[in-house]
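Engineer: Coordinates for the following, if possible.
(one chain, ligands or ions: 2)
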Amino acid sequence: MRIIVNGREIEIRDDARNVLEALREVGIEIPNLCYLSETSVYGACRMCLVEVDGRDIVTSCTLQPREGMVIKTHTPKIYEMRKGILQLLLASHDGECTTCEMNGKCKLQKYAQEFGLTTNRFEKISKKTVTDTSSVIVRDNGKCILCGDCVRACDEIQGIAAIDFAYRGFEAQVVPSFEEKLENTECVLCGQCVAYCPTGALAIRNDVDKVYKAIEDGKYVIGMIAPAVRASLQEEFGLEDDVATSGRVVSLLKMIGFKKVFDVAFAADLVAYEEAHEFLERVEKGEKLPQFTSCCPGWVKFAEQYYPEYISHLSSVKSPQMALGAIIKKFYSREIGVDPKDIVLVSIMPCTAKKFEAEREEFEGNVDIVLTTRELVKVIKSTGIDIKMVDPEPFDRPYGLSSQSGLSFGKTGGVLGSVVNVINDKMSVKSVETKQLSEGVSLTTVELSNGKVVKGLAVFGLGNARKIVDALKNGEMEADVVEVMACNYGCIGGGGQPYPNDVRTRARRAKILKEVQSIDVLISPTENFHMHQLYEKYLEKPLSHASHEVIHTLYKH
Ligand code: HC0
Ligand code: SF4
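Structural biologist: Residues are numbered from 1 along each chain as shown. Ligands and ions are numbered 1, 2, ... in the order given. Sure thing, here's the model as predicted:
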């Protein structure tokens, strides 16, 4: 369809949801503060005003495009109106930018600068607001602009609704259910509310000081980096074409005192290998099927809360984070002759729930500190070292080798694909076919040469997961193995990833991860010879007693 925008005729998609989205796709980003999650249209902030057909001024997020429509996105009147909105928002905002996690990334701050707001014609409104720093997710309502994006993300994407609006007028605030602390609600700590918060009202607990303290105390500090982290570091440092970014980070971490840096993708190979064997054993015994993946801690908490009858269906293999932690503390400590108590293991993850996972009693002592990608970026930037100038260094061996499969864990379908690769290596497979069933749900059908068929589902978003598990329960759907990742597009969209963390950025990250993957010469986890060495030395074989002791767990809740 063709419309006239700012005096120029342009072509937009016929099925665009609204003018805001249609123009975004052609390079015009209309200012907005409540449309990051791209869930339902809310129209709360009024920043996305446009003039239509020379008359009305309306919000573009609620405006349906039609052929020949004449739109102005930026007139003197609209400019003044947007300034007024910003001033009103700033009057009820604490304005403590220097100590805000979003400093430099906050949309309110960005617009205040772009609209030249050095003074405010409105007086500051003082209001009582809630601050809660007790959980992995830190809340400071003094910074909240009531855009409601967090509420919609939690409700519409995750299907949880752990937070909502309470009170009216000036007293209005976003609070967890029954005004409890977030950790005492049904929140699964996925951090998607944080990912879509345009200001710093929702942030993640910062654990960087703990790392420096460990270095200062002379501890043997070991780092380990998750697959999805490397996909977003490149975007942060303007290194989009640099497949060596993670190598540069390894080197920089050593410069500041890390003794070793391992790759969580190594453990992803191990977990896929173990999980594939676990699946085949369940098939043989005909029990606990479908098998659900358990490497996403947000999903595990979700399953425990809403589907306790399926807890035994969760794979008992620990997540790669916890498995690698356990291996390092149990076996590697012996190899280097360091008491596990003197090892401080720092895991660098795209995920907020990984901080919570490391604190679960099942995994006590496996991993000591979890930093998000954003915390890692801060560490790197605070050194003043230009990461582009740092020579890359490989991950340390023996836990530095990974296959393309291991790395693919970072995006949706990666775990399932890796398990299928292992099955493919173990038995004769006739065909593998994947098709998209809906946004966030894909089906992989594996036909074995004995005629048997294995159906695998890959699901992202907990709202989708709820639909799928219900359908499996009611017999409306069938599957043998199900991968669930809490965040849209998988870990690359984790709540700890750099801002912006929107749909387009996530799609870009998936592409980058694919490129990074492609330089790995090993394709399947089965080819990871360092993994086999680990079996030879310590774990014997998949599902052995030793393996159960170290890299399996039992979810009890
Ligand atoms: Fe993921 Fe993981 S792939 S959960 O998405 O399985 O966070 O990147 O590290 O543990 O490997 C996150 C990413 C991990 C784990 C791995 C899995
Ligand atoms: Fe909802 Fe996830 Fe935020 Fe918890 S962390 S409030 S579950 S979006």
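Engineer: ok, the closest residue to Val5 other than its chain neighbours to Cys150 distance?
Structural biologist: What sits nearest to Val5 in space, not counting adjacent residues and going by CB to CB, 6 or more residues apart in numbering, is Ile71, at 5.0 Å. Bear in mind the C-beta positions are built from the backbone N, C-alpha and C, glycine included. According to CB to CB, to the nearest Å, Ile71 stands 30 Å off from Cys150.
Engineer: same thing with Glu364?
Structural biologist: From Glu364 across to Cys150, the span is 31 Å (CB to CB).
Engineer: ok, the two, which is more surrounded?
Structural biologist: A count of neighbours by other CB atoms under 10 Å puts Cys150 above the other of Glu364 and Cys150, at 26 against 9.
Engineer: Contact partners for the more buried one?
Structural biologist: Residues near Cys150 by CB atoms under 8 Å, 6 or more residues apart in numbering: 163, 174, 193-194, 196-197, 201-202.
Engineer: which SSE is it in?
Structural biologist: Element membership of Cys150, judged by DSSP states H and E, is helix 149-152.
Engineer: And for Leu189?
Structural biologist: Counting by DSSP H and E, there is no helix or strand that carries Leu189.
Engineer: How about Tyr489?
Structural biologist: Secondary structure assignment for Tyr489, by DSSP H and E: no helix or strand.
Engineer: So for it, what's the nearest residue that isn't a sequence neighbour?
Structural biologist: Arg506 (4.2 Å).
Engineer: And Ser251, by the same measure?
Structural biologist: In space, Ser251 comes closest to Glu393 once its chain neighbours are excluded; the distance is 4.0 Å by CB to CB, 6+ apart.
Engineer: where exactly do the helices run in the stretch 201-350 of the chain?
Structural biologist: Secondary structure of the stretch 201-350 of the chain (DSSP state H, counting those that start in this stretch): helices at 208-216, 229-236, 245-255, 264-285, 297-306, 320-327, 333-336.
Engineer: do the third one and ligand 1 meet?
Structural biologist: No - using CB under 6 Å from any ligand atom, helix 245-255 never reaches ligand 1; the gap is at least 11.5 Å.
Engineer: most centrally placed residue in this protein?
Structural biologist: Most central residue of the chain, judged by C-alpha distance to the mean C-alpha position with CA atoms, centre = their mean, is Gly494 at 0.8 Å.
Engineer: Give me the distance between that one and Lys355.
Structural biologist: Distance, Gly494 to Lys355, by CB to CB: 11 Å.
Engineer: between the two, what contacts are shared?
Structural biologist: Jointly contacting Gly494 and Lys355 under the rule CB under 8 Å, 6+ apart are 349, 372.
Engineer: Now stretch 102-122 - C-alpha only, CSV.
Structural biologist: Once side chains and other backbone atoms are set aside, the C-alpha atoms of stretch 102-122 remain, and they are given as CSV (Å, rounded to 0.1, in the frame of the first residue of the first chain):
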residue,chain,number,x,y,z
MET,A,102,19.9,2.3,32.2
ASN,A,103,22.1,5.4,32.1
GLY,A,104,23.0,5.9,28.4
LYS,A,105,20.4,3.4,27.3
CYS,A,106,17.3,4.9,28.8
LYS,A,107,14.7,5.9,26.2
LEU,A,108,13.4,8.7,28.5
GLN,A,109,16.9,10.1,28.9
LYS,A,110,17.5,9.8,25.1
TYR,A,111,14.3,11.7,24.2
ALA,A,112,14.9,14.4,26.9
GLN,A,113,18.3,15.0,25.2
GLU,A,114,17.0,14.9,21.7
PHE,A,115,14.1,17.4,22.6
GLY,A,116,16.6,19.7,24.3
LEU,A,117,15.1,19.5,27.7
THR,A,118,17.5,21.3,30.0
THR,A,119,14.8,22.7,32.2
ASN,A,120,11.2,21.6,33.2
ARG,A,121,8.3,23.9,33.3
PHE,A,122,6.5,21.5,35.7
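Engineer: how is this protein carved up into domains?
Structural biologist: Residue ranges for the domains of the chain, per automatic domain parsing: 2-74, 85-204, 218-551.
Engineer: Please identify the deepest-packed of those domains.
Structural biologist: For the domains of the chain, ranked by mean neighbour count under the definition mean count of other CB atoms under 10 Å, the leader is domain 218-551 at a mean of 20.
Engineer: for it, what is the average pLDDT?
Structural biologist: Per-residue pLDDT over domain 218-551 has a mean of 96.
Engineer: what's the residue of the stretch 301-450 of the chain found nearest ligand 2 in contact with, if anything?
Structural biologist: Across the stretch 301-450 of the chain, the shortest distance to ligand 2 (CB to the nearest ligand atom) belongs to Thr352, at 6.7 Å. Going by CB under 8 Å, 6+ apart, Thr352 touches 136-137, 189-191, 194, 204, 372, 494-496.
Engineer: what helices or strands is the helix or strand hosting Glu515 leaning on?
Structural biologist: In this structure, Glu515 sits in helix 503-518 according to DSSP H and E. Based on contacts counted as 3 or more CB pairs under 8 Å, 6 or more residues apart in numbering; DSSP states H and E, the elements that helix 503-518 packs against are helix 229-236, helix 404-408.
Engineer: can you redo these as CSV with distance to Ala214?
Structural biologist: Formatted as CSV, the entries for the helices and strands packed on helix 503-518 read as follows, by distance: least, CB to CB, whole Å:
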stretch, distance to Ala214
helix 229-236, 20
helix 404-408, 27
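Engineer: Tabulate these (JSON lines), appending distance to ligand 1.
Structural biologist: Written out in JSON lines, the entries for the helices and strands packed on helix 503-518 read as follows (distance: least, CB to the nearest ligand atom, whole Å):
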{"stretch": "helix 229-236", "distance to ligand 1": "6"}
{"stretch": "helix 404-408", "distance to ligand 1": "7"}
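Engineer: Which among the helices of the stretch 201-350 of the chain is found nearest to Asp56?
Structural biologist: Of all the helices of the stretch 201-350 of the chain, the one in closest proximity to Asp56, counting by CB to CB, is helix 229-236 (38.1 Å).
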